[in-house]
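[1] Dropping a prediction and its sequence here:
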Amino acid sequence: MLLQYLPRVRAYCQQVVSTDWDAMPMADLPAAMDEVVAGSVEAFRLTMVVVRSFMGPTIQLAMWAERELGADASTLIGTVLQGFDNHTSSAGKGLGELAEMVARTPELAAAIRAGNSDLSSVDGGPDFLAAFDRYLEDFGWRLESWSFLDTPTWYEDRSVPLQLIRQYLENPSTNPAEAIARAATQREAALKEVESGNVRIIQAGDRTLAASASEILCFNVSLPSGTGNAYQGLTSTATFAFQAEQTTNNP
């Protein structure tokens, strides 16, 4: 199904990108914008047709897990489905690879840290700019939201991806490649627990644990919904206090 709709979506996006909007007479722009909005709605609809084909089974799996394991089982389901390569993760991974490329050239890294907009004259700058252009051709035309047609894309305003590259230089642990690797590791660990049959979702209140038994604990973390679509780096530390009581032989 994806291969059926992808050429149509790409063709429409290419039409919008290749149109010389600056050369269009002002009187023609309102009608042209109406056509862009209508075309964008249709292109977005085609992506949702594809989404429905796999969202249905995923929702059914989550409902089954919540019924069998408890309300927090959706966290476990999310863990076993994460960390796979796809076009979305490739966008973050590609930006991280650009940051790693910059880090290998001290003069280039210093220029980007300083916010230097002219990188063509620094050591490693031309090669980086060529790679950066290739990245933006693939991933730079997306909007923060498909309906914000007046918002500059990364291709039009390159300060946003350069700011993210600067962030990855300053703190390599926020590099998307690190997050993708962690997600894959967590997925493999969760799959092993599921296959072992030793998974329990811990609910509030008391719980009995058999002698010498062990269980995996699943915790649900909610992030603010207004963080935007830019790649978010998250580091969190939590301390848990457990109380245990041996009740069998206690009066």
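    Arrived safely, thanks for sending.
[2] would you list every one of the strands in the stretch 51-200 of the chain?
    Ranges of strands in the stretch 51-200 of the chain, per DSSP state E, counting those that start in this stretch: none exist.
[3] give me the low-pLDDT residue ranges for it?
    Scanning the stretch 51-200 of the chain with the threshold set as pLDDT under 70 gives 146-147, 149, 197-200.
[4] again, only this time at 80
    Residue ranges of the stretch 51-200 of the chain with pLDDT under 80: 51-56, 62, 65-77, 85-88, 117, 142-150, 193-200.
[5] That one: helices as residue ranges?
    Ranges of helices within the stretch 51-200 of the chain are 73-81, 87-103, 106-113, 125-139, 159-170, 176-196, based on DSSP state H, counting those that start in this stretch.
[6] Which residues does the fourth one contact?
    Contacts of helix 125-139 with the rest of the structure, by Cβ atoms under 8 Å, 6 or more residues apart in numbering, involve 90-91, 94-95, 98, 101-102, 105, 108, 111, 119-120, 154-155, 158, 161. No exception for glycine: its C-beta is placed from N, CA and C like everyone else's.
[7] let's go with 7 Å and repeat that
    91, 94, 98, 101, 102, 108, 119, 120, 154, 155 (Cβ atoms under 7 Å, 6 or more residues apart in numbering).
[8] Pull out the buried positions in that helix.
    125, 128, 132, 135, 136, 139 (16 or more other Cβ atoms under 10 Å).
[9] by how many degrees do it and helix 106-113 diverge?
    With axes from the mean of the first three to the mean of the last three Cα atoms, to 10 degrees applied, the angle from helix 125-139 to helix 106-113 works out at 50 degrees.
[10] which residues sit in contact with residue 184?
    residue 83.
[11] distance of it from residue 176?
    Residue 184 is 12 Å from residue 176, where distance means Cβ to Cβ, to the nearest Å.
[12] likewise residue 141?
    Per Cβ to Cβ, residue 141 is found 19 Å from residue 176.
[13] swap in residue 21?
    Distance of residue 21 to residue 176, computed by Cβ to Cβ: 32 Å.
[14] Of these two, which one has the most company?
    residue 176 (22 against 10; other Cβ atoms under 10 Å).
[15] The more buried one contacts residue 90, correct?
    No. Counting by Cβ atoms under 7 Å, residue 176 stays clear of residue 90, with 9.6 Å between them.
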